[in-house]
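> just a sequence and a predicted model for now, questions to come.
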Amino acid sequence: GQQLNQSPQSMFIQEGEDVSMNCTSSSIFNTWLWYKQDPGEGPVLLIALYKAGELTSNGRLTAQFGITRKDSFLNISASIPSDVGIYFCAGQLRSGNTPLVFGKGTRLSVIA
Amino acid sequence: DVKVTQSSRYLVKRTGEKVFLECVQDMDHENMFWYRQDPGLGLRLIYFSYDVKMKEKGDIPEGYSVSREKKERFSLILESASTNQTSMYLCASSPRSFSQYFGPGTRLTVT
């Protein structure tokens, strides 16, 4: 099955720093989603993007749907210790009942 | 709030046993999914269902089957568990808009 190229694979940052991660693909996506997974838990939806060029914020998180529809990025501003976890991007290739395609995740560690 | 529950958080089974993993959602979602998550491999889709009694194979269906007799419940079945099926299993549901909501996961160990 197809997967998205998510980078970086892992990040170690100082508390208070800003974070940026992204997903790219050779295919065009109709929808981009960003999830966060805490250790031992299921992923939780952070942001959903439905239009090319769309920029959406959720608190300290900002995500954008790339204008080419082949990429998306997630920024976290002023990181705090509870931002630790694995962040996944996901996309839907076509409208209708087609499953999401997931990236392999970015593992974020925050050093206090 | 959407709630997706999975029957067990941790499960230990023996090789060759038949294993049932249950998933229930309370938001009347049409779509339900089963994934497994392994280090370095991300989330891999096993099976999904768009409606009651309907099922579609995902990327890695071998060794698994599913059942969806009621809209709110989607079961994953390991007919004869093997050690390479030791993994974290995640269930998800979604309305037709396709924002999926995940359960807490079941960590299955097959010895």
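Great, that's in hand.
> for A:K104, give its distance to A:N5.
According to CB to CB, to the nearest Å, A:K104 and A:N5 sit 9 Å apart. (Each C-beta comes from the backbone N, C-alpha and C, glycine too.)
> again, but for B:M54
Counting by CB to CB, the gap from B:M54 to A:N5 is 32 Å.
> ok, now B:T86?
When B:T86 is compared with A:N5 (using CB to CB), they lie 27 Å apart.
> these two: which has the busier surroundings?
B:T86 (16 against 13; other CB atoms under 10 Å in any protein chain shown).
> enumerate the residues of chain B near chain A.
B:4, B:31, B:33, B:40-45, B:48, B:50, B:58-59, B:90, B:92, B:96, B:98-105, B:107 (CB under 8 Å from any CB of the partner chain).
> separate out the buried members of the residues you listed.
B:4, B:31, B:33, B:42-45, B:48, B:58-59, B:90, B:92, B:98-103, B:105, B:107 (16 or more other CB atoms under 10 Å in any protein chain shown).
> these in strands, which ones?
B:4, B:31, B:33, B:42-45, B:48, B:90, B:92, B:101-102, B:107 (DSSP state E).
> so where's the chain shaky on pLDDT?
As the question left the chain open, I've gone with chain A. A:1-2, A:95-96 (pLDDT under 70).
> wrong one, I was asking about chain B
Short version for chain B, where the test is pLDDT under 70: B:1-2, B:97-98.
> which parts of it are helices?
Using DSSP state H, no helices are assigned anywhere in chain B.
> tell me, what residue is most central in it?
B:W34 (3.1 Å; CA atoms, centre = their mean).
> chain B contacts on chain A?
So chain A meets chain B at A:1, A:3, A:31, A:33, A:35, A:40-45, A:48, A:88, A:90, A:92, A:97, A:99-100, A:102-105 (CB under 8 Å from any CB).
> if we go to 10 Å?
A:1-4, A:6, A:9, A:30-31, A:33, A:35, A:37-38, A:40-45, A:47-48, A:50, A:86, A:88, A:90, A:92, A:95-105 (CB under 10 Å from any CB of the partner chain).
> ChimeraX command to pick out the buried ones of those?
To isolate the buried members of these in ChimeraX, using 16+ other CB under 10 Å:
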select /A:3,4,6,30,31,33,35,37,42,43,45,47,48,86,88,90,92,97,99,100,101,102,103,104,105
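> from what I see, B:T83 and B:T109 are in contact.
Yes: assessed by CB atoms under 10 Å, B:T83 is found in contact with B:T109 at 8.9 Å.
> what about these two, which has more around it?
Higher neighbour count among B:T83 and B:T109: B:T109, with 13 against 10, using other CB under 10 Å.
> check the gap between that one and B:T86 for me.
To B:T86, B:T109 is 5 Å away according to CB to CB.
> okay, and the common contacts of the two?
Jointly contacting B:T109 and B:T86 under the rule CB atoms under 10 Å, 6 or more residues apart in numbering or on different chains are B:12-13.
> strands along chain A, start to end?
Going by DSSP E, chain A shows strands at A:5-7, A:10-14, A:19-24, A:31-37, A:44-49, A:55-58, A:61-65, A:71-76, A:85-92, A:100-102, A:106-111.
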